[in-house]
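In: coordinates only, sequence not included:
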């Protein structure tokens, strides 16, 4: 009797396992077709978003590059370079004053040149890039191209009007960059002199 009961229990267990496996297999098979289009759609949307983001970034880079060219043509970059030279001269005067001397030694002069040239070139590049990036947003690529060719167009008038609308903000932005550059130069110079 026990043998028959065990056989029945084993048979019922085996059938239950087969039914459970079949049910699970059916769920997996049924889920794939229903959810596959959603997964594919999500992947396609992500890929498309990445392509669009890359295209937008490239377009912005092109506009910024064109605006840098415009800055070279209209003298803005030259003015920034002049500010860098004036900053270097001012730093030199501050260092001489702090050292309570009349001049720097040739070694100090060389060190100051190395430090200030490195920092001011980086600051110049960052400042030109910041101005170009901010200003390029107001114009299309075509408008910037027109500005490069001539300042007589409608876009040129907007550009020229915009240059004089907020000179305090531009001066403040440049001053912030310059203060940071001066602090870096003096700090690095003092560290190297002390070591």
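Out: Right, received. Where do you want to start? Keep in mind the model is a prediction, meaning the values are calculated, not measured. Numbers count the residues shown, from 1 in each chain.

In: rest of the way, CA atoms for contacts and neighbours
Out: Will do.

In: show me what contacts residue 116?
Out: Residue 116 makes contacts with 88, 185, as judged by CA atoms under 8 Å, 6 or more residues apart in numbering.

In: That one sits in which helix or strand?
Out: helix 106-136 (DSSP states H and E).

In: Show me what the following helix or strand past that helix is packed against.
Out: Going down the chain from helix 106-136, the next helix or strand is helix 141-149, by DSSP H and E. Judged by 3 or more CA pairs under 8 Å, 6 or more residues apart in numbering; DSSP states H and E, helix 141-149 is in contact with helix 2-74, helix 154-165.

In: Could I get the buried residue list for helix 141-149?
Out: Of all the residues in helix 141-149, those buried under the rule 16 or more other CA atoms under 10 Å are 141, 143-148.

In: With stretch 82-90 instead?
Out: Those would be 83-84, 87-88, for stretch 82-90 by 16+ other CA under 10 Å.

In: now do stretch 62-78
Out: Neighbour counts over stretch 62-78 (16+ other CA under 10 Å) mark 63-71, 77 as buried.

In: now those as CSV including pLDDT?
Out: Output for the buried residues of stretch 62-78, formatted as CSV (pLDDT from 0 to 100):
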residue, pLDDT
63, 94
64, 94
65, 95
66, 94
67, 94
68, 94
69, 89
70, 89
71, 88
77, 86
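
In: Can you redo these as a markdown table, where the extra columns are distance to residue 176?
Out: Listed next are the buried residues of stretch 62-78 as a markdown table, based on distance: CA to CA, whole Å:
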| residue | distance to residue 176 |
| --- | --- |
| 63 | 25 |
| 64 | 22 |
| 65 | 23 |
| 66 | 25 |
| 67 | 22 |
| 68 | 20 |
| 69 | 24 |
| 70 | 23 |
| 71 | 20 |
| 77 | 17 |
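
In: what's the closest of those residues to residue 121?
Out: Proximity of those to residue 121 (CA to CA) peaks at residue 77, which lies at 12.1 Å.

In: now the residue lying closest to residue 182 once chain neighbours are set aside: how far from residue 181?
Out: With CA to CA, 6 or more residues apart in numbering as the criterion, residue 182 has its nearest non-adjacent residue at 6.4 Å, and that residue is residue 91. Going from residue 91 to residue 181 by CA to CA, to the nearest Å gives 10 Å.

In: rewinding a little: what angle separates the helix holding residue 116 from helix 141-149?
Out: With axes from the mean of the first three to the mean of the last three CA atoms, to 10 degrees applied, the angle from helix 106-136 to helix 141-149 works out at 130 degrees.

In: Could you give me the buried positions within helix 106-136?
Out: 111-113, 115-117, 119-120, 123-124, 127-129, 131-133, 135-136.

In: where does this protein have low pLDDT?
Out: Within the chain, the stretches with pLDDT under 70 are 1-40, 42-44, 46-49, 51-52, 151-153, 155-157, 159-172.

In: again, only using 90
Out: 1-57, 59, 69-102, 146-187, 189-195 (pLDDT under 90).
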